[in-house]
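*Asks:* Have a look at this prediction, sequence included:
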Amino acid sequence: MSESKSGQWQWENAAAGAIAGFATVAAMHPLDVVRTRFQVNDGRVFNLPTYKNTAHAILTIARLEGLRGLYAGFFPAVLGSTLSWGLYFFFYGRAKQRYSKNGEEKLSPGLHLASAAEAGALVCLCTNPVWLVKTRLQLQTPLHQTRPYSGLYDALRTIMTEEGWTALYKGIVPSLFLQVSHGAIQFTTYEELRKAIVDYKFKRSKQNPDNGDNTLNSVDYAILGGSSKVAAILLTYPFQVIRARLQQRPSSDGIPRYMDSWHVVKETFRFEGFRGFYKGITPNLLKNAPASSITFIVFENVLNFLRMARKDN
């Protein structure tokens, strides 16, 4: 594959990933707000609202805070998701291209894993400040005692003023573990399942040419995206809880609730047990399994459209 074609293919991946990320957030954001609030509620802070379950949380937020509450942190979520998916697919495509000898050779599961891990680490370093702001905006409630942030810019400015620029990278350690492991598991699972479905369809088309469409469709992409996401969530979810608890706004005296990742692990296990590391997993699964299906449907179809447009030109 020539260098110019390789670069064009990588940018097509980035564009398709960015569009897919935006579509995902727009559809599923209220569940993301609920997930974040469940994650940080350790039962020991009484100015935080408590919810019985996911449905009760959505109804309570809608009643007390309205649509604004359900879409708290929406702009940084859109920005972060669009950047993350765009950069992820770009870095992932470049890594696969580099690991492949001639640009066309199929990669082994180990090289898919390495490509996804590399992409996850780079994306995490680029986007952590955006996710920190999103978490803080989502945690603002009518019970919040500290002056609320008015939006993304105000949050960034206030955090820099009150806590310094290093605060923008709170939670970076669990974020790195999360991005690397989650993305690696999801994309490796996706690629291996994709190959299995393609092989199955190819064999079926050879056995029955009249009923043998061996191309993948949107249903296939939905199944691949959803199932690979569920596998990644179940194995990496504790990192999300640790990150969310680290990224909370400090109390009015400037003292953070948790000092570092190990402090979160010790305190969570001490007061909540193993179940504490999976708080909010129900809205997380409800949000991310279908969201990942949407992402990969949009990504694959946009990518196919861009490739067809390039061929026509």
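*Replies:* Yep, it's here.
*Asks:* so which helix or strand takes in the closest residue to residue 91 other than its chain neighbours?
*Replies:* Spatially, and ignoring its direct neighbours in sequence, residue 91 is nearest to residue 119 (3.8 Å; Cβ to Cβ, 6 or more residues apart in numbering). The C-beta positions use only the backbone N, C-alpha and C, and glycine is treated the same way. Applying DSSP states H and E as the criterion places residue 119 in helix 109-138.
*Asks:* for that helix, packing partners?
*Replies:* helix 3-40, helix 74-99, helix 152-163, helix 172-207 (3 or more Cβ pairs under 8 Å, 6 or more residues apart in numbering; DSSP states H and E).
*Asks:* The last one vs helix 109-138, what angle?
*Replies:* With axes from the mean of the first three to the mean of the last three Cα atoms, to 10 degrees defining the directions, helix 172-207 sits at 130 degrees from helix 109-138.
*Asks:* packing partners for helix 172-207?
*Replies:* Helix 172-207 packs on helix 74-99, helix 109-138, helix 218-246, going by 3+ Cβ pairs under 8 Å, 6+ apart.
*Asks:* Now for residue 311, how many residues are close by?
*Replies:* 7 (other Cβ atoms under 10 Å).
*Asks:* Same check on residue 239?
*Replies:* 22.
*Asks:* if I read this right, it contacts residue 173, doesn't it?
*Replies:* No - assessed by Cβ atoms under 8 Å, residue 239 is found out of contact with residue 173, at 9.2 Å.
*Asks:* Switch the helices and strands packed on helix 109-138 over to a markdown table; also include distance to residue 227 and mean neighbour count.
*Replies:* Formatted as a markdown table, the helices and strands packed on helix 109-138 follow (distance: least, Cβ to Cβ, whole Å; neighbours: other Cβ atoms under 10 Å):
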| stretch | distance to residue 227 | mean neighbour count |
| --- | --- | --- |
| helix 3-40 | 16 | 21 |
| helix 74-99 | 18 | 22 |
| helix 152-163 | 33 | 15 |
| helix 172-207 | 7 | 18 |
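*Asks:* Nearest to residue 278 among those would be which one?
*Replies:* If you check each of the helices and strands packed on helix 109-138 against residue 278 by Cβ to Cβ, helix 3-40 wins as the nearest, at 9.5 Å.
*Asks:* got the angle between the helix or strand following that closest one and helix 3-40?
*Replies:* Remark: after helix 3-40, the chain's next helix or strand is helix 54-70, criterion DSSP H and E. The directions of helix 54-70 and helix 3-40 differ by 110 degrees, with the same axes, to 10 degrees as the criterion.
*Asks:* what's helix 54-70 packed up against?
*Replies:* With contacts defined as 3+ Cβ pairs under 8 Å, 6+ apart, helix 54-70 has these neighbours: helix 3-40, helix 281-312.
*Asks:* ok so, going back, show me which residues of the helix holding residue 119 are buried.
*Replies:* If you call a residue buried by 16 or more other Cβ atoms under 10 Å, then helix 109-138 has these buried ones: 111-124, 127-138.
*Asks:* backbone phi and psi for residue 273, please?
*Replies:* Dihedral pair for residue 273: phi 70, psi -170, per degrees, to the nearest 10.
*Asks:* burial count for it?
*Replies:* 9.
*Asks:* separation between it and residue 176?
*Replies:* With distances taken as Cβ to Cβ, to the nearest Å, residue 273 is found 26 Å from residue 176.
*Asks:* now do residue 127
*Replies:* 12 Å.
*Asks:* can you tell me which of the helices and strands packed on helix 109-138 the model trusts least?
*Replies:* Of all the helices and strands packed on helix 109-138, helix 3-40 carries the lowest average pLDDT, namely a mean of 77.
*Asks:* Now do it against helix 218-246, angle only.
*Replies:* 50 degrees.
*Asks:* how far out from the middle of the chain is helix 3-40?
*Replies:* 8 Å (Cα atoms, centre = their mean, to the nearest Å).
*Asks:* Does anything pack onto it? Which helices or strands?
*Replies:* Short answer (3+ Cβ pairs under 8 Å, 6+ apart): helix 3-40 packs on helix 54-70, helix 74-99, helix 109-138, helix 218-246, helix 281-312.
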